[in-house]
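Enquirer: task: produce atomic coordinates for the following.
(chains A and B)
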Amino acid sequence: AQSVAQPEDQVNVAEGNPLTVKCTYSVSGNPYLFWYVQYPNRGLQFLLKYITGDNLVKGSYGFEAEFNKSQTSFHLKKPSALVSDSALYFCAVLTGGGNKLTFGTGTQLKVEL
Amino acid sequence: NAGVTQTPKFQVLKTGQSMTLQCAQDMNHEYMSWYRQDPGMGLRLIHYSVGAGITDQGEVPNGYNVSRSTTEDFPLRLLSAAPSQTSVYFCASSFWQDNEQFFGPGTRLTVL
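Expert: Residues are numbered from 1 along each chain as shown, chains lettered A, B, ... in the order given. Here you go, the predicted model:
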């Protein structure tokens, strides 16, 4: 089955430090990968996507993600974390012949002063 | 643009009752979808539509029906509510499947 996995339920980072939220995927063919963020009591917001091209994808709010085909990973990164980045982050992959978005279980990011 | 709107925001049902969750978008998006969010399980796709008159099942379709008579609206019907359907429901839309999806604010449903 095509899927994504987020191995960490929670990531804690000090403000100003770099952050990484991990995602690995399992798909046949070329993956279409996404990152979304959810703030408390809100719907999800799109951060970035990888379809093809450069392995380093830049997105909203200073986030970027690195696509690594050999490691089947698509980790989300930010050079300097902010307290306001604290939220729930979801990795997702397009499956079902390109018609369905399958989400990971989410990683809670907590950025502390 | 209002974006994606969902009504109601909160709903409490008794087991066996039926109801319709409303979803509308004003961005002329072809693709619309319904998800449910449960703790520790992420979002799971219930049903989706690639255009007016076309719907298909997602990962967890049992107990839910959808229709897409217009581009703008994509209602989700619970036929006979069960406690297992207690969840937060999100509607989303996009121009096409590989575009970014815009999510509504969600409906928190409790089934007693």
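Enquirer: chain neighbours aside, what residue packs nearest to residue B:13?
Expert: Using CB to CB, 6 or more residues apart in numbering or on different chains and skipping the chain neighbours, the partner closest in space to residue B:13 is residue B:81 (4.5 Å). (Glycine included, C-beta is placed from N, CA and C.)
Enquirer: tell me who's in contact with the residue in chain B that chain A sits nearest to.
Expert: Of all residues in chain B, residue B:103 sits closest to chain A, with a separation of 3.3 Å (CB to the nearest CB). Applying CB atoms under 8 Å, 6 or more residues apart in numbering or on different chains, one finds that residue B:103 lies in contact with A:43-45, B:4, B:90-92.
Enquirer: what parts of chain B come near chain A?
Expert: B:4, B:33, B:35, B:40-45, B:48, B:50, B:56, B:58-59, B:90, B:92, B:97-98, B:100-106 (CB under 8 Å from any CB of the partner chain).
Enquirer: now intersect these with the strands, please.
Expert: With strands defined by DSSP state E, the entries of those inside them are B:4, B:33, B:35, B:42-45, B:48, B:50, B:56, B:90, B:92, B:102-103.
Enquirer: picking that back up, biggest separation within the contacts of residue B:103, which pair?
Expert: Farthest apart among the contacts of residue B:103 by CB to CB are A:45 and B:91. That separation is 14.5 Å.
Enquirer: give me the more crowded residue out of the two.
Expert: Relative neighbour count places residue B:91 above the other of residue A:45 and residue B:91, with 28 against 17, counting by other CB atoms under 10 Å in any protein chain shown.
Enquirer: from residue B:40, how far off is the more buried one?
Expert: Noted for residue B:91: a distance of 22 Å to residue B:40, by CB to CB, to the nearest Å.
Enquirer: ok, now which ones touch the residue sitting nearest the centre point of chain B?
Expert: Note on chain B: the residue nearest the mean C-alpha position is residue B:34, at 3.1 Å, using CA atoms, centre = their mean. For residue B:34, the contact set (CB under 8 Å, 6+ apart) comprises B:21, B:23, B:45-48, B:58, B:64, B:66, B:74, B:76, B:89-92.
Enquirer: and it, bridged to which residues?
Expert: residue B:47, residue B:91 (DSSP bridges).
Enquirer: how about the residues of chain A by chain B?
Expert: Counting by CB under 8 Å from any CB, the residues of chain A close to chain B are A:9, A:32, A:34, A:36, A:41-46, A:49, A:51, A:90, A:94, A:98-106.
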